[in-house]
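*Asks:* sequence-free structure coming up:
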């Protein structure tokens with residue numbers, strides 16, 4: 001977990017610090033005009049969403065880590081708009097497989113009701129990256145410039161790129177693919193798998209790929225996968241919107257660039273605390289939806305405050321809810337689908353679709369906070385509220401659907417027990433059914 005967390009911290013720092021770089025003079029240095037800044041943000045998401053995939057090996061993920069570290073270092077040398085767009089596209093390609101791959105990787109290591117806390121530990125690095133990015137930008141702003149490099153956004157990119165490359169090389173020697181290959185904890189993980197893993201998942205995780213996993217209608221046109229994609233978009237849209245534009249929003253309150261950088265730190269610290277609290281109690285009570293709902297309510301409060309015509313101090317208070325709500329809800333959204341897809345390959349491909357398609361809302365969020373809408377950003381905050389509204393519609397539908405299916409399976413099981421009949425399905429049939437097996441219960 002520590003090395004994965006560090007890798008994701010650097011990944012989110014590398015993709016999101018362009019918001020801080022904007023206040024450090026990125027637009028003036030690269031002579032960006034009109035919507036060119038927003039377009040550069042958008043171009044990252046196209047390869048990032050299209051290339052989302054599960055990790056095939058540790059070598060792949062660490063190789064990608066080194067690659068995007070080199071790309072970030074080169075980003076410190078860009079001189080114009082076409083170069084910025086090209087580097088952002090390359091960064092999206094290199095980072096595409098990290099998050100869906102690591103989440104899938106964690107589902108192979110931990111029981112389904114201990115998963116969100118681990119995803120929370122991992123994703124907490126993203127909110128820490130926001131705090132660290134603000135502190136780094138604040139410190140660099142006081143450095144004397146040399147040919148426009150030191151003290152500017154280019155220098156921070158070079159520092160972060162070098163750190164990413166170093167971590168990638170270290171991760172190559174630390175990570176292992178699966179629990180069975182971990183010499184340092186083989187006995188511990190054997191007990192973990194045999195004693196805690198859900199029976200259905202354990203059976204289905206050890207099989208070869210079948211047509212039912214990928215081509216079956218219950219998967220590709222299954223309402224739950226697509227419903228979860230909408231729930232994912234309802235959280236990731238606000239998350240990327242606030243991540244990429246929080247420095248700009250705070251700057252519109254009338255603060256200097258350096259103070260605006262510093263003021264981005266407290267909301268991310270608060271978000272990290274809330275995220276870990278949500279993740280811990282979600283695993284403890286073995287439920288996901290209440291904490292996703294709580295996160296959506298916080299986003300609703302935060303964006304409603306910021307779209308209102310109130311004092312800047314009140315709006316800054318609202319940013320705490322925007323950041324904390326989106327970041328704290330996100331691990332639950334990812335863990336929820338991971339809990340409710342049984343089968344190694346079905347889970348891997350399903351989560352890649354979930355994250356890959358869902359992240360296109362990040363491309364939308366990259367274009368809704370326009371310079372001409374400052375200081376109120378009514379369009380941006382309004383569309384973020386639209387995303388939150390989608391979540392308020394889709395979340396109850398998913399919960400009620402899961403409850404009805406679980407209740408029907410409980411009733412069928414009771415009827416079978418009262419009639420003295422046993423489950424006559426073979427192990428092969430149970431594996432083929434996956435999460436549609438009679439003994440499988442959906443997490444709420």
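*Replies:* Yep, it's here. A quick note: this is a predicted structure, and the numbers were derived from the prediction, not measured.
*Asks:* Identify, among the helices and strands of this structure, the element with the weakest mean pLDDT.
*Replies:* In the chain, no helix or strand scores lower on mean pLDDT, DSSP states H and E than helix 199-204, which sits at a mean of 42.
*Asks:* Mean confidence (pLDDT) on stretch 305-312, please.
*Replies:* Mean per-residue pLDDT for stretch 305-312: 93.
*Asks:* Could you do stretch 59-66 as well?
*Replies:* pLDDT averaged over stretch 59-66 gives 80.
*Asks:* Pull out the buried positions in that stretch.
*Replies:* Under the neighbour-count criterion of 16 or more other C-beta atoms under 10 Å, stretch 59-66 has 61, 62, 64, 65, 66 buried. To be clear about C-beta, it is placed using only N, CA and C from the backbone, and glycine gets the same treatment.
*Asks:* for residue 294, what are its contacts?
*Replies:* Taking C-beta atoms under 8 Å, 6 or more residues apart in numbering, we find residue 294 in contact with 278, 325, 328, 329.
*Asks:* which residue sits closest to the last one, ignoring its sequence neighbours?
*Replies:* Yep, that's residue 329 we're talking about. Nearest non-adjacent residue to residue 329, counting by C-beta to C-beta, 6 or more residues apart in numbering: residue 295, 2.5 Å away.
*Asks:* Was I right to think the one you found contacts residue 236?
*Replies:* No: using C-beta atoms under 8 Å, residue 295 is not in contact with residue 236; the gap is 11.6 Å.
*Asks:* Mutual contacts of the two, please.
*Replies:* Counting by C-beta under 8 Å, 6+ apart, the common neighbours of residue 295 and residue 236 are 326, 330.
*Asks:* quick one, which of these two is more surrounded?
*Replies:* Ranked by neighbour count (other C-beta atoms under 10 Å), residue 295 and residue 236 place residue 295 first, with 30 against 25.
*Asks:* Let's verify that one: helix, strand, or coil?
*Replies:* At residue 295, secondary structure determined by DSSP: H, G, I helix; E, B strand; the rest coil is helix.
*Asks:* I'd like to check which residues are in contact with residue 136.
*Replies:* Taking C-beta under 8 Å, 6+ apart, one finds 17, 20, 156, 159, 160 in contact with residue 136.
*Asks:* let's see 6 Å
*Replies:* residue 156 (C-beta atoms under 6 Å, 6 or more residues apart in numbering).
*Asks:* Specify the local secondary structure of it.
*Replies:* Counting by three-state DSSP, the backbone at residue 136 sits in helix.
*Asks:* Tell me, what's the model's pLDDT at it?
*Replies:* 76.
*Asks:* Give me the buried positions along stretch 268-281.
*Replies:* 268, 269, 270, 271, 272, 274, 275, 276, 278, 279.
*Asks:* and the fourth one, what element?
*Replies:* Using DSSP states H and E, the secondary-structure element containing residue 271 is helix 265-285.
*Asks:* Now do that helix, average pLDDT.
*Replies:* Average pLDDT, helix 265-285: 92.
*Asks:* which other helices and strands contact it?
*Replies:* Applying 3 or more C-beta pairs under 6 Å, 6 or more residues apart in numbering; DSSP states H and E, one finds that helix 265-285 contacts helix 115-140, helix 312-340.
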